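**Student:** Coordinates only, no sequence provided:
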Ligand SMILES: Cc1cc2nc3c(=O)[nH]c(=O)nc-3n(C[C@H](O)[C@H](O)[C@H](O)COP(=O)(O)O)c2cc1C
């Protein structure tokens, strides 16, 4: 499906008491989106169900963050991530997401679930925006998409190595420092 990537540059905000929730199948197709999701993203339920979650992908998001998300989920572990999403009309909104795998009685992964809350502005502006900009620039430096992804993923790993932290430790450290 061709994706409309028009952007307005206008940020949308939601209430600190609200949680944006969605669930997907194993391929990342949306099976549930709560009212807050629909309101902020600007889509009706019928427009979301069955669509790939990338329907709200924002072009400022580095691909390596989604690689880490999928690599982590497929091993059954949860992941936290700061994500900027694109609304239907091209506005955008930042979230702090916790994404988990759900299992059946035999332990097999059957779906994924994401709950998103309002992110700390100081973390987004002070650490995440500059980091994502750097990762995206590295990704775009390569004409080959596969090489761009690998290079930006390596860059992210190098940042973590330099801090001597796992990815989630790094995120928690940002929240503590803010
Ligand atoms: C439960 C779940 C929630 C997700 N939430 C988002 C989201 O809010 N925004 C987003 O861009 N991608 C989200 N993704 C990742 C997308 O599936 C996809 O990997 C990403 O948008 C990159 O798409 P692309 O590789 O087609 O560019 C989510 C995936 C899962 C499994």
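**Tutor:** Cool, got the structure. None of the values given here were measured: they were computed from a predicted structure.
**Student:** What residues does this protein have near the ligand?
**Tutor:** Contact residues (CB under 6 Å from any ligand atom) of the chain with the ligand: 22, 24, 28, 53-54, 56-57, 61, 66, 69, 83, 85, 99, 112-114. Every C-beta, even on glycine, is put in place using the N, C-alpha and C of the backbone.
**Student:** Just among the residues you listed, which is most surrounded?
**Tutor:** residue 56 (25 neighbours; other CB atoms under 10 Å).
**Student:** list the contacts for it?
**Tutor:** 41, 43, 85-87 (CB atoms under 8 Å, 6 or more residues apart in numbering).
**Student:** Make CSV out of these and add secondary structure.
**Tutor:** Shown next, in CSV, are the contacts of residue 56 (DSSP: H, G, I helix; E, B strand; the rest coil):
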residue, secondary structure
41, helix
43, coil
85, strand
86, strand
87, coil
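**Student:** Top of those by number of neighbours, please.
**Tutor:** Of these, with other CB under 10 Å as the count, residue 86 tops at 25 neighbours.
**Student:** In terms of pLDDT, where does that residue sit?
**Tutor:** Per-residue pLDDT puts residue 86 at 98.
**Student:** I'd guessed residue 118 sits against residue 20; true?
**Tutor:** No - checked against CB atoms under 8 Å, the pair residue 118 and residue 20 is beyond contact range at 9.4 Å.
**Student:** Neighbour count for those two, which is higher?
**Tutor:** More neighbours surround residue 20 than the other of residue 118 and residue 20, with 23 against 18 (other CB under 10 Å).
**Student:** can you pull the contacts of that one?
**Tutor:** 14, 34, 36-37, 40, 95, 114-117.
**Student:** one more time with 7 Å
**Tutor:** 14, 34, 36-37, 40, 95, 116 (CB atoms under 7 Å, 6 or more residues apart in numbering).
**Student:** how far does the longest strand along the chain sit from the chain's center?
**Tutor:** If you go by DSSP state E, the chain has its longest strand at strand 92-103. Distance of strand 92-103 from its chain centroid, counting by CA atoms, centre = their mean, to the nearest Å, is 7 Å.
**Student:** Give me the helices and strands touching it, please.
**Tutor:** Other helices and strands packing on strand 92-103, by 3 or more CB pairs under 7 Å, 6 or more residues apart in numbering; DSSP states H and E, are helix 63-74, strand 79-86, strand 109-117.
**Student:** Let's see that with 10 Å instead.
**Tutor:** strand 20-24, helix 35-41, helix 63-74, strand 79-86, strand 109-117, helix 121-123 (3 or more CB pairs under 10 Å, 6 or more residues apart in numbering; DSSP states H and E).
**Student:** With respect to burial, which of those scores highest?
**Tutor:** strand 79-86 (a mean of 21; mean count of other CB atoms under 10 Å).
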